[in-house]
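Show me the folded form of this:
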Amino acid sequence: LLMSKVGSTINAFGFNSGTFQDRMKWMKKTKGNTLIQLGEYQGLIGLLNTVTLIKYDANLNPIWNNYYDHSQTMNNEGERYIYDIHERDDSSIVGLGAYSWASNGTKFQNVRARLFEIDSLGVMQKVIALDTLGLFTRPMAFCPTDSGGYLVAGYTKTGPALNYQASFSASEDMFIYKLDSQLNVVWAKQGLITGNDRILKIISIGNDEYLMAGNVNSVGSFTGQNAFLSKINGDGKVIWAKSYGGNGDDEVDNLMIENGTVFLSGSTNSFSSPTTKDVFLVKTDTSGIVNDTCYDDIASFFVFQDRIKTSSQLPVYPTVSCPLFNNLNIVAGSLTGTSQEQCPLCVTSFSGQGIDVCLNDSTYFSSSQAPWLDSIHWSFGDGQYLVGNTNPSHLYSSSGIYSVNVYASNDSLNCEDSATFDVQVFA
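Numbers count the residues shown, from 1 in each chain. So this is what the prediction gives:
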């Protein structure tokens, strides 16, 4: 289920394909004021994950909803994942993903990089496999190059990863592939940095230069896991590399650039209890320098070896169109639903002290005449939400009039309904 609020309207929309899991991830804005949501759906091929993309218009109405059935052209062993997408000028999509499979009766510890070319209608056109660097080669991010190709980055596991448990303790090395516009490998490099290291984000900053961010372990003057930021050129040459944080664990989550200002964010426990994680935000420029003591120059440690690797084209996964789901608008003062007579929803509210709702008194809500529902979502009008409780209570922190929205559904009965009403809290 995905929720979006615009003005006084709440848009609620979701897709339930069955009894298994929808593992949809983030949404990316694309050309033409549209959005694409990427992720995986589990259950269409046994219990395995399949690549899934959903495209929406500017009002979050679904345009197409597709998954890609690799079992028809490859095999039904193993899973497919998608981590990121890039839209080309012709509105076609290049997706970065992976294939994982099991060996020797173990769980899925083998991972290899895949790229997908998908046209503007969501139909898959090409599948490209990158040569593996180790038993476990996990792509994490990619970005377009100035020459029309891509840089693909992530980490690979080396060592005796002969079973599922051993793969967790295997050494990790960062890697970078450069691809041309046809997704052929131009060069591949693997890090020789001491300890475990990963590239998690990579972006273009123009002039055939790129920033990559991730984690290194006990490199330079800091111990523990440290966040790093590095600039490379289109040949993979390291221009500079900096680490940020302290002697705890500092983990990168995101990297972006806006008008020449670079932002690096993530979590850290270097400045608090080892069991407590805080948010960190680094603001710098394309030099990576910050006016602080919690960063270090680690360029001398960033050594890469060249690896001779290629790419190969695989059979295209058939595109399967899934049903477009409901987009239900819950507007103040309305009661809507696909079948209101079969799905009546009556909602009441009352306070613990009587009819009036007083500040610092809990407000109790009750959904009655709706024994059919198996899913319910409350929005209390003050930015707080609750899912799953048919008779919740809520404490408002300030007086005023709050618009409460509730949405109930039962997919197996094709039943849904919603209601909106005001609650006045007196000081």
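
mind checking how far residue 84 is from residue 65?
Residue 84 sits 19 Å away from residue 65, going by Cβ to Cβ, to the nearest Å. For the C-beta atoms, the positions are set from N, CA and C on the backbone; glycine is no exception.

how about the CA coordinates for whichever strand or helix holds residue 52, as CSV?
Take DSSP states H and E as the rule and residue 52 turns out to sit in strand 48-56. Listed next in CSV are the C-alpha coordinates belonging to strand 48-56 (Å, rounded to 0.1, in the frame of the first residue of the first chain):
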residue,chain,number,x,y,z
LEU,A,48,11.0,-16.6,-5.8
ASN,A,49,11.3,-12.9,-6.4
THR,A,50,10.7,-11.5,-9.9
VAL,A,51,11.5,-8.1,-11.2
THR,A,52,8.5,-5.8,-11.2
LEU,A,53,7.9,-2.2,-12.4
ILE,A,54,4.9,0.0,-12.1
LYS,A,55,4.5,3.3,-14.0
TYR,A,56,2.2,6.1,-12.8
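
So which residues make contact with stretch 115-124?
For stretch 115-124, contacts defined as Cβ atoms under 8 Å, 6 or more residues apart in numbering pick out 51, 53, 55, 64, 66, 68, 82, 90-97, 125-128, 130, 150, 152, 179, 183, 311, 316-319.

just how off-centre is that stretch within its chain?
Centroid separation between stretch 115-124 and its chain, computed with Cα atoms, centre = their mean, to the nearest Å, is 19 Å.

same thing with stretch 202-217?
19 Å.

Can you measure across that stretch, start residue to end residue?
End-to-end distance of stretch 202-217 (Cα to Cα, to the nearest Å): 19 Å.

Packing partners of the strand holding residue 52?
strand 22-30, strand 34-45, strand 62-68, strand 79-87, strand 93-101 (3 or more Cβ pairs under 8 Å, 6 or more residues apart in numbering; DSSP states H and E).

Quick check on the contacts of stretch 115-124: which are buried?
51, 53, 55, 64, 66, 68, 82, 92-97, 126-128, 130, 150, 152, 179, 183, 311, 316-317, 319 (16 or more other Cβ atoms under 10 Å).

what ranges of the stretch 201-350 of the chain fall below the confidence cut-off?
Scanning the stretch 201-350 of the chain for pLDDT under 70 picks out 325-350.

In contact with residue 204, which residues are there?
Taking Cβ under 8 Å, 6+ apart as the criterion, residue 204 is in contact with 143, 144, 145, 146, 210.

List just the nearest of the residues you listed to residue 402.
residue 143 (43.8 Å; Cβ to Cβ).

The closest one: how many residues sit nearby?
Using other Cβ atoms under 10 Å, residue 143 is surrounded by 19 other residues.

which residues does it contact?
Residue 143 makes contacts with 86, 150, 151, 202, 203, 204, 210, as judged by Cβ under 8 Å, 6+ apart.

Pretty sure the first one sits against residue 145.
Going back to what we said before, that points to residue 86. No. Using Cβ atoms under 8 Å, residue 86 makes no contact with residue 145, being 10.9 Å away.

which residues touch stretch 257-270?
By Cβ under 8 Å, 6+ apart, stretch 257-270 touches 203, 205, 211, 213, 222, 224, 227, 229, 244-256, 275-286, 288, 294.

Over to stretch 276-295?
With Cβ under 8 Å, 6+ apart, stretch 276-295 has contacts from 205, 209, 211, 227, 229-231, 240-246, 250, 257, 260-272.

mind checking how far that stretch is from the chain centre?
Here stretch 276-295 is found 23 Å from its chain centre; the criterion is Cα atoms, centre = their mean.

Please apply the same query to stretch 179-199.
Worked out by Cα atoms, centre = their mean, stretch 179-199 lies 22 Å from the chain centre.

what's the first-to-last distance across that stretch?
One end of stretch 179-199 to the other measures 17 Å (Cα to Cα).

Let's test this: mean pLDDT of that stretch, rounded?
Here stretch 179-199 scores 94 as its mean pLDDT.

what are the ranges of the strands in the stretch 151-300 of the chain?
Secondary structure of the stretch 151-300 of the chain (DSSP state E, counting those that start in this stretch): strands at 171-179, 185-191, 198-206, 209-217, 225-233, 238-244, 250-258, 261-268, 278-284, 295-297.

Make JSON lines out of those and add distance to residue 134.
Formatted as JSON lines, the strands of the stretch 151-300 of the chain follow (distance: least, Cβ to Cβ, whole Å):
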{"stretch": "strand 171-179", "distance to residue 134": "8"}
{"stretch": "strand 185-191", "distance to residue 134": "9"}
{"stretch": "strand 198-206", "distance to residue 134": "13"}
{"stretch": "strand 209-217", "distance to residue 134": "17"}
{"stretch": "strand 225-233", "distance to residue 134": "20"}
{"stretch": "strand 238-244", "distance to residue 134": "21"}
{"stretch": "strand 250-258", "distance to residue 134": "22"}
{"stretch": "strand 261-268", "distance to residue 134": "25"}
{"stretch": "strand 278-284", "distance to residue 134": "30"}
{"stretch": "strand 295-297", "distance to residue 134": "28"}
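
out of the ones you listed, which comes closest to residue 382?
Counting by Cβ to Cβ, residue 382 lies closest to strand 278-284 out of the strands of the stretch 151-300 of the chain; the figure is 23.5 Å.

thinking again about what came up before, relative to residue 139, which of the strands of the stretch 151-300 of the chain is closest?
Of all the strands of the stretch 151-300 of the chain, strand 171-179 sits nearest to residue 139, with 8.4 Å by Cβ to Cβ.

quick one: the closest one to strand 185-191, angle?
Here the directions of strand 171-179 and strand 185-191 differ by 160 degrees (axes from the mean of the first three to the mean of the last three Cα atoms, to 10 degrees).

what lines up beside strand 171-179 in the sheet?
Strand pairing for strand 171-179, determined by DSSP bridges: strand 150-158 (antiparallel), strand 185-191 (antiparallel).

Run the angle between that strand and strand 225-233 for me.
20 degrees.

Please work out how many residues are found near residue 194.
13.

ok, it touching residue 172?
No. Using Cβ under 8 Å as the test, residue 194 is too far from residue 172 to be in contact (11.6 Å).
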